[in-house]
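J.: structure for this input, please:
(one chain, ligands or ions: 1)
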Amino acid sequence: MANLSPMMQQYFEIKKQNPNTILFFRLGDFYEMFYEDAKLASKELELTLTGRDCGQEERAPMCGVPFHSYESYVARLVAKGYKVAICEQMEDPALAKGLVKRDIIRVITPGTVLESSMLDEARNNFICSLCIEGTDAGICFADISTGALHATALSGGDLTEQIKNELSRFSPREILVNQNTLELKELPKFIRERLSASLELLDDTEFEPHNCSSMVLEQFHSKSLGDLNLSDKTGIVQSIGALLSYLKRTQRVGIERINGIDLYTGAQFMHLDLSARRNLELLETMRNKEKRGSLLWVLDKTRTAMGKRLIRSWIEQPLLSPVQINRRLNAVEELAGDAILRDAIAEQLTGIHDLERLMSRIVYGSANGRELRSLSSAVMRLPALKTLLQSVKSNLLTEIEQQIDLLEDVYQMVDRAIVEEPPFSIREGGMIQPGYNAELDLLKGDMSDGRGIIAQIEAQEREKTGIPKLKVGYNRVFGYYIEISNSYKDQAPPEYIRKQTLTNCERFITPELKELEGKILGAHEKSVQLEFQLFDAVRNNVAAQLTRVQSTADAIARLDVLTSFAQVSAVQHYVRPIVNLDGKIILKESRHPVVEILLDAPFVPNDVTLDRDENRVAIITGPNMAGKSTYMRQTALIVIMAQIGCFVPASYAEIGITDSIFTRVGASDDLASGQSTFMVEMSEVADIIKNATNKSLLILDEIGRGTSTFDGMSIARAVLEYVANKQLLGAKALFATHYHELTELEELVDGVKNYNIAVKKRGDDITFLRRIVRGGADDSFGIEVAKLAGVPNKIVNRAKQVLAELESGQQVSMPKRRGHKEEAQEDLQLMITPPNETDIMDRLKKLDVNTLTPIECMNTLFELATLAKG
Ligand SMILES: Nc1ncnc2c1ncn2[C@@H]1O[C@H](COP(=O)(O)OP(=O)(O)OP(=O)(O)O)[C@@H](O)[C@H]1O
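T.: Below you'll find the model as predicted:
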């Protein structure tokens, strides 16, 4: 450290306190990174690594980013899980002249992002704190960009499973944990690999109950934990306390925007594990991770950022209480039935900015004049919205109407003080309305008087010297000056003091000009400073109304989501579900909400009958491509839609409250974790069996297909028997399988019914009817589907031959090989060549429309058209 420059000494001091943090050191118009930080940042951000003098022989490795665009660089680092500390220059009179002190003003971590350019407006950005003590745990989730804080206690049973479930519900970006959490080996793995969240181990002292409870009481201005409903909830208090001290340490200011706790219990919501959320494509598609193609994509017609975030959390947290569900359904019904009201509400919502995040920036002290204006323009829409809701009848809409605070005082505060189009910067003036503050008006008057006098001086000097093009100008280096072009420079009077010689002109100053300049600049400086103080006062006054704005924002978000549900329900012809507690799921003419929109061909509706008695388990057989998965997923999605309070795609729907939905669908390899397809399948089955209850709905698609036929079939049968058995589980289940042998269970196991998805077979060709009918399918039609998919006749015929031999118990004969290399090549060519036009024309000619229903006919034509398109 000897000879190290003062700046580098500061760097090392700060780094010592924050070892796992990349320091962004402010130097003029740049943020610079040094030593290891520089090497890392240059690699991650593809920046050029250079060197900076550091007082020692070897220059310090350094790279830098411009101040005005630093957010995008920080965003990239934070997205990769790094922490970044912003170190600014601080005023410190104790320091010797010429020395500047730098200190951290904020640490940005994956869970504490506030900058709007780094946040997705449609998603919450949660930071979680988890405290495990023995068999109990307290867990909380905060979004500091909105001020939301949710917390719950977990205890007994399979704690790891419960924690995983809560983490899946909120998908936090960063998770603070105590040492005990690391003992549960499965959790860190789940956090890093499945949630892709960053894990931060805090010192156990941070979870110390006494300190945590003081932190909590101070934060929520309470005298006792009882006032906060937190007595006997030590785990929750510990998790919130540790979270608050972490936020204080990293954010320094603005934590007061977390001003309430939403205490919830997992029992309020349907249990949906990470697999079910992903398999059912609730928020994004499995393959491309896109919103298009998900349930959210269909239901989200929200107009505000607050609504966009809330609709996600409603979809992720279906309710269990019929009363709560019906409250939402009543509101949706009212709005769905009144297109004029719905459109008028949607129009008003469209202009409402993100009140929650604006308020956060206002409270944090980083909002500028434009953001205050955005807040007031949003508030301006509230009276019209409230008036629209005046005549509503449903309880929930009435409650929302009452919760909307017109915030007239907030509007007045901003409108009186801030000009309509303030600049982005809050340090250069130009923000405050004339007439708002007398002193400011006087200063501005002085400035404009001064500028008037300057104009007079220019005229007066022109006359005095007889130089027509004499100009008075201003620059930052030597202030006001008189400029005379070269052709007149000899006429400059002797009292002019020469300051600068340019190619075409000379610049001079005079004592009179300097005196005036002092006055003008002094007034300017004072006015800019006063404007900032006035602006800051308005911002603080608005910040003091945090609770009122947050409550109104909550009402707006709920109204937005309900209007969105109503809009989709009306346009897509959904029906109001009848929710019941007797476990019946009866659907008439139900559709898949996403597939029906994406499909070019008409969607074939189907019925569903599930209950706790005769119809507990439906075994669904039928060819590949027939529509088994679609049917099972649509049933699960409809149950979820009903329990979030939305209408459903069917002509009639009874929904028995379902406490959890489990899915086992498709092959989701988990190669990253070193598990094979079959291993993943079996661990999912194990999870389902462990966690399902008799009020659960199970979607089991081709269990056992990942191993040999006999092993697979045996596992499938054993699972099915277990699920159906009332003494063991007795859950409702949809069970798709190609093991036709399983259909005999209808006769053997209580509550099992066979269904199949009908196809029509004529000759070698099959037509998918997409209709579900009672009874098992007698064939898999795998070979026919292979033919339909374009597998060459040569292979199709050979497959038929093998099948026939297998079915008749013969040994499979070897095909006659011609043995030529060219023929092998030809075979290969055939395998990759799709059906040609002649095949398709052939099928088209053979199509006998008189034997088909209109839908069958359309489906066949649609399939042929798809094949023809290739
Ligand atoms: N009810 C329906 N109406 C119209 N088209 C449908 C219907 N159900 C399914 N489809 C269409 O059929 C395609 C195949 O459906 P799905 O994947 O559900 O078949 P599957 O029987 O599960 O096939 P596999 O056994 O090969 O997994 C879907 O992508 C969809 O385009």
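
J.: quickly list the domain ranges of this structure.
T.: What automatic domain parsing lists as the domains of the chain is 6-108, 119-268, 300-407+545-571, 438-539, 578-789, 834-870.

J.: quick one, strands of the stretch 701-850 of the chain?
T.: Along the stretch 701-850 of the chain, counting by DSSP state E, counting those that start in this stretch, strands occupy 732-736, 752-762, 765-774.

J.: for the stretch 251-400 of the chain, what spans make up the helices?
T.: Ranges of helices in the stretch 251-400 of the chain, per DSSP state H, counting those that start in this stretch, are 274-279, 295-299, 305-316, 322-336, 339-350, 355-364, 369-379, 382-388, 395-403.

J.: of the strands of the stretch 701-850 of the chain, which stretch is the most buried?
T.: For the strands of the stretch 701-850 of the chain, average neighbour numbers computed from mean count of other C-beta atoms under 10 Å are highest in strand 732-736, which has a mean of 26. In this view, the C-beta of every residue, glycine as well, is placed from N, C-alpha and C.

J.: who's in contact with the residue of the stretch 1-150 of the chain found nearest the ligand?
T.: Distance from the ligand to each residue of the stretch 1-150 of the chain (C-beta to the nearest ligand atom) is smallest for residue 122, at 27.1 Å. Residue 122 makes contact with 305, 308, 309, 312 under the criterion C-beta atoms under 8 Å, 6 or more residues apart in numbering.

J.: give me every residue in the protein lying close to the ligand.
T.: Remark: the part of the chain in contact with the ligand comprises 595, 599, 603-604, 622, 624-630, 770, using C-beta under 6 Å from any ligand atom.

J.: please repeat the previous calculation with a cut-off of 5 Å.
T.: Counting by C-beta under 5 Å from any ligand atom, the residues of the chain lying close to the ligand are 603, 604, 624, 625, 626, 627, 628, 629, 630, 770.

J.: which strands and helices lie in contact with the top helix by length along the chain?
T.: The longest helix of the chain (DSSP state H) is helix 511-543. Helix 511-543 is packed against helix 355-364, helix 369-379, helix 408-417, helix 438-465, strand 479-485, with contacts defined by 3 or more C-beta pairs under 8 Å, 6 or more residues apart in numbering; DSSP states H and E.

J.: do you know which of the ones you listed lies nearest residue 739?
T.: With C-beta to C-beta as the criterion, residue 739 lies closest to helix 355-364 of the helices and strands packed on helix 511-543, at 51.8 Å.

J.: list of residues touching that closest one?
T.: Residues lying outside helix 355-364 but in contact with it, judged by C-beta under 8 Å, 6+ apart, are 114, 116, 119, 121, 144-148, 251, 253-254, 256-257, 305-306, 367, 371-372, 374-375, 378, 539, 542-543, 546, 549-550, 552-553, 556.

J.: what about 7 Å?
T.: Taking C-beta atoms under 7 Å, 6 or more residues apart in numbering as the criterion, the residues outside helix 355-364 that touch it are 114, 116, 144-147, 253-254, 256-257, 306, 367, 371, 374-375, 378, 539, 542-543, 546, 549-550, 552-553, 556.

J.: what residues are up against the one residue sitting closest to the centre of the chain?
T.: Closest residue to the average C-alpha location of the chain: residue 123 at 3.0 Å, with C-alpha atoms, centre = their mean. Counting by C-beta under 7 Å, 6+ apart, residue 123 touches 309, 312.

J.: if I look at it, how far off is residue 283?
T.: Counting by C-beta to C-beta, to the nearest Å, the gap from residue 123 to residue 283 is 9 Å.

J.: for residue 199, same thing?
T.: Noted for residue 199: a distance of 23 Å to residue 283, by C-beta to C-beta.

J.: more neighbours: those two, which one.
T.: Just comparing residue 199 and residue 283: by other C-beta atoms under 10 Å the higher neighbour count belongs to residue 283, 21 against 17.

J.: now mean neighbour count and mean pLDDT too, for the helices of the stretch 251-400 of the chain, in TSV please.
T.: Formatted as TSV, the entries for the helices of the stretch 251-400 of the chain read as follows, by neighbours: other C-beta atoms under 10 Å; pLDDT from 0 to 100:
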stretch	mean neighbour count	mean pLDDT
helix 274-279	20	90
helix 295-299	21	98
helix 305-316	23	96
helix 322-336	20	98
helix 339-350	16	96
helix 355-364	24	91
helix 369-379	21	95
helix 382-388	17	96
helix 395-403	17	97
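
J.: which one of the contacts of residue 122 sits closest to residue 220?
T.: Out of the contacts of residue 122, the member with the shortest distance to residue 220 (by C-beta to C-beta) is residue 309, at 23.1 Å.

J.: pretty sure the closest one contacts residue 124?
T.: Yes: with contact defined as C-beta atoms under 7 Å, residue 309 counts as touching residue 124 (5.3 Å).

J.: for the closest residue to the ligand within the stretch 751-870 of the chain, which non-adjacent residue is closest in space?
T.: Among the residues of the stretch 751-870 of the chain, residue 770 lies closest to the ligand, at 3.8 Å counting by C-beta to the nearest ligand atom. Of all residues beyond its chain neighbours, the one nearest residue 770 is residue 604 (3.7 Å), with distances taken as C-beta to C-beta, 6 or more residues apart in numbering.

J.: could you do residue 297 as well?
T.: Nearest residue to residue 297 in three dimensions, chain neighbours excluded: residue 291, at 4.9 Å (C-beta to C-beta, 6+ apart).

J.: what is the burial count for the one you found?
T.: For residue 291, the neighbour count with other C-beta under 10 Å is 16.

J.: coming back round to it: where's the residue nearest to residue 770, which helix or strand?
T.: Mapping residue 604 onto the secondary structure by DSSP states H and E places it in no helix or strand at all.

J.: what about it, neighbour count?
T.: For residue 604, the tally of surrounding residues (other C-beta under 10 Å) stands at 23.

J.: wait, it touches residue 772, no?
T.: No: the pair residue 604 and residue 772 does not pass the contact test of C-beta under 7 Å, sitting 9.1 Å apart.

J.: quick check, pLDDT for residue 236.
T.: With respect to pLDDT, residue 236 scores 97.

J.: just confirm it is within a helix.
T.: Yes: Residue 236: assigned to a helix according to DSSP: H, G, I helix; E, B strand; the rest coil.

J.: related to what we said a few turns ago, overlap in contacts of residue 123 and residue 283?
T.: Counting by C-beta under 7 Å, 6+ apart, the residues touching both residue 123 and residue 283 are residue 312.

J.: mind listing what's buried in stretch 596-611?
T.: Residues of stretch 596-611 classed as buried under the neighbour-count rule (16 or more other C-beta atoms under 10 Å) are 596, 603, 604, 605, 606, 607, 608, 609, 610, 611.

J.: what's the separation between the nearest residue to residue 115 once chain neighbours are set aside and residue 116?
T.: Nearest residue to residue 115, sequence neighbours excluded (C-beta to C-beta, 6+ apart): residue 71, at 5.1 Å. Between residue 71 and residue 116 the computed distance is 9 Å (C-beta to C-beta).
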